[in-house]
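*Asks:* dropping a prediction and its sequence here:
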Amino acid sequence: MKEINQKDTIDKIKKEVTTALYLYDSNIPTWKSNVRRAYSLFKALLIMCITDNDIYSIEYSKLCLQVNFSLLYERKEIANYINFELFK
């Protein structure tokens, strides 16, 4: 089984977020794929990084800032996609 490298995963998430925003702003519908990948990697990283002693909401916020995930919520359509399609 391949080990998850935190720094590499953070870099991958940042790249997916940046690409998703570029595609969305360019009116290219494949942005959803990048958002899905970013979201999946983000969830995996959360699971791997948060320990029993951590406060989830604080660690979630820190990680959101680190990977620029919050930038996705600046676009209403992307935010709705995350909240209503990916959170199912």
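*Replies:* Right, received. Where do you want to start? All of these numbers come straight from a predicted model, not from anything done at the bench.

*Asks:* which residue ranges of this protein form helices?
*Replies:* In the chain, the helices defined using DSSP state H lie at 6-25, 31-49, 56-67, 76-81.

*Asks:* by mean pLDDT, point me to the weakest helix or strand of the protein.
*Replies:* Of the helices and strands making up the chain, the lowest-confidence element is helix 56-67, at a mean of 88, by mean pLDDT, DSSP states H and E.

*Asks:* before we move on, back to that, mean neighbour count added to the helices of the chain, as CSV?
*Replies:* Heads up, the C-betas are built off the backbone N, CA and C, glycines and all. Converted to CSV, the helices of the chain look like this (neighbours: other C-beta atoms under 10 Å):
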stretch, mean neighbour count
helix 6-25, 17
helix 31-49, 17
helix 56-67, 14
helix 76-81, 14
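
*Asks:* among those helices, which is nearest F87?
*Replies:* Ranking these by proximity to F87 (C-beta to C-beta) places helix 31-49 first, at 9.1 Å.
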